[in-house]
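# Sequence and predicted structure below; questions after.
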Amino acid sequence: MKVALFTETYLPYINGVVTHVKILKEGLEKLGHKVLVVTADPNTRRYYVRDGVLHCPAKSFKRFYDYGLASPVSTRRLMYIKQFDPDIIHIHNEFGIGFSGAMIAKILHKPLVYTLHTMYDEYLYYVAPRPMLPFVKRVSHHYAKFLANNAAALTGPSKKVQQFFDDCGVKRDVSVVPNPVELDIFLPENIDEDKKAKFREKYNISDDDTLLCFCGRLGREKSVDVLLDYWAKTIRPEDHCKLMIIGDGPSREELEQQAHELGIDNMVTFTGKVMHDELPPYYACCDLYVTASLSDTNSISMLEAMATGLPVLQRFDKLNEGQVRDGINGYIFYDEKDMYREILNYKNKTTEEKEALRFAVRDSVKQAGAEDLANYLLTIYRGIEFPQRHAHRHRYHTRLRKPTEQKDGEDGPEE
């Protein structure tokens, strides 16, 4: 099977969608399928394919997750996709690249699969002033409904996606496909001991400290402010607990200021941006992963921490029920008192009890690898009723010439 994966951003950028698409590509290829990733690239002025990735010229949009915004209409992009001749077009974002994927699927009579990764109602403040939010939300819902109604199958990492589409008026079922994790990278035995030692030295972490961490982009939707408030209300220096906030984002400065004003900056460390391949020793030196976010659909950062063996303290979220099984691979908290109680419960466990819990945590994500994700999606792909191969030509279908290969630095044709 040949699959075209459309995503607004891809390597070397790292976020949850990039990781998901990367792991899906690797899983499908391991199973013998051919994959073309189609992505916006603000660092190129021409179209080119390298290592199974079609790079499309784009404008940088740093305000929103470093995405590049590509034109939704491109005859050259269409030519490359026609040459690849995918059996499935699978879109993972909704902007220029995602929209073009949906339109190319229609033009070429290919089945469209749409995976919604992001609860956009929580992110609209990035693109619109507060007075405009109700209007922008209505437009966003109409657009999501349009894409969903043009797809042969809808998927998402949690039940939140079904709720979002229901709110948009989409009368379709969503297949829940759990997010993946690069298991080998985060296995404790594969993590360099020297890097772990350097980590503890860099951040002055003593053996007596219980270290909790959160990892993610520091935006309002991640509710790190709630986490800091909870921490300030309950944790005291004599508890020997420290909190590490891993990542960067538009809210970092105000969060650092909040920690200072709450008087907890001696217990809270903001690491700033950490490259993905440097994350394993960070997790390996922590004891617990904690999140107060209610916007995540199935956080890949959380799964990576779990692959390292970190039990998760997760704020209760009805639509993410089951991702953390209370007392098995983590703990659910409803308020600051619950959070504090669970931290103390963990601290009071014996070494043997802690190791047994870490083993159970790792075991809970062992089916989250590349081939597992690929097999999930292949089941969905194969369940789609393919359009007739001799269907009438779409009225916009034109004769397309084969793309010519170009060297780095050369410009592509005018759009």
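Perfect, I can see it now.
# What about residue 290? Give its phi and psi, please.
Per-residue torsions, residue 290: phi -130, psi 140 (degrees, to the nearest 10).
# Kindly state the beta-bridge partners for the residue nearest to it when sequence neighbours are not counted.
Nearest non-adjacent residue to residue 290, counting by Cβ to Cβ, 6 or more residues apart in numbering: residue 313, 4.2 Å away. Glycine gets a C-beta too; all of them are placed from N, C-alpha and C. Beta-bridge partners of residue 313, counted by DSSP bridges, are residue 290, residue 331.
# Count residues in the vicinity of residue 313, would you?
By other Cβ atoms under 10 Å, the residues close to residue 313 number 23.
# How much space separates it from residue 190?
In this structure, residue 313 and residue 190 are 25 Å apart, going by Cβ to Cβ, to the nearest Å.
# again, but for residue 373
20 Å.
# what about those two, which has more around it?
Applying other Cβ under 10 Å to residue 373 and residue 190 shows that residue 373 carries more neighbours, namely 23 against 12.
# Quick check: that one touching residue 22?
No. Counting by Cβ atoms under 8 Å, residue 373 does not reach residue 22; the two are 10.5 Å apart.
# Please list the outside residues in contact with the top strand by length along the chain.
Taking DSSP state E as the criterion, the chain has its longest strand at strand 34-41. Residues outside strand 34-41 that contact it (Cβ atoms under 8 Å, 6 or more residues apart in numbering): 1-10, 21, 24-25, 28-29, 49, 52-58, 67-70, 77, 80-81, 84, 86, 95-97, 101.
# Next up, the contacts around the residue nearest to residue 6 when sequence neighbours are not counted.
Using Cβ to Cβ, 6+ apart and skipping the chain neighbours, the partner closest in space to residue 6 is residue 101 (3.5 Å). Residue 101 is in contact with 4, 6, 38, 89, 90, 91, 112, counting by Cβ under 8 Å, 6+ apart.
# Looks to me like residue 101 is in a helix.
Yes. Counting by DSSP: H, G, I helix; E, B strand; the rest coil, one finds residue 101 located in a helix.
# where does this protein have its least confident helix or strand?
strand 67-69 (a mean of 76; mean pLDDT, DSSP states H and E).
# State the next helix or strand along the chain beyond that strand.
Remark: after strand 67-69, the chain's next helix or strand is helix 75-84, criterion DSSP states H and E.
# buried set for the host helix or strand of residue 259?
For residue 259, the element it lies in under DSSP H and E is helix 252-261. Within helix 252-261, the residues that count as buried by 16 or more other Cβ atoms under 10 Å are 252, 255, 256, 258, 259.
# Residue 199 against residue 205, yeah?
Yes. Counting by Cβ under 8 Å, residue 199 does reach residue 205; the two are 7.5 Å apart.
# The two - which one has more neighbours?
residue 199 (20 against 16).
# Against residue 118, how distant is the more buried one?
Taken as Cβ to Cβ, the span from residue 199 to residue 118 is 30 Å.
# No more questions from me, cheers.
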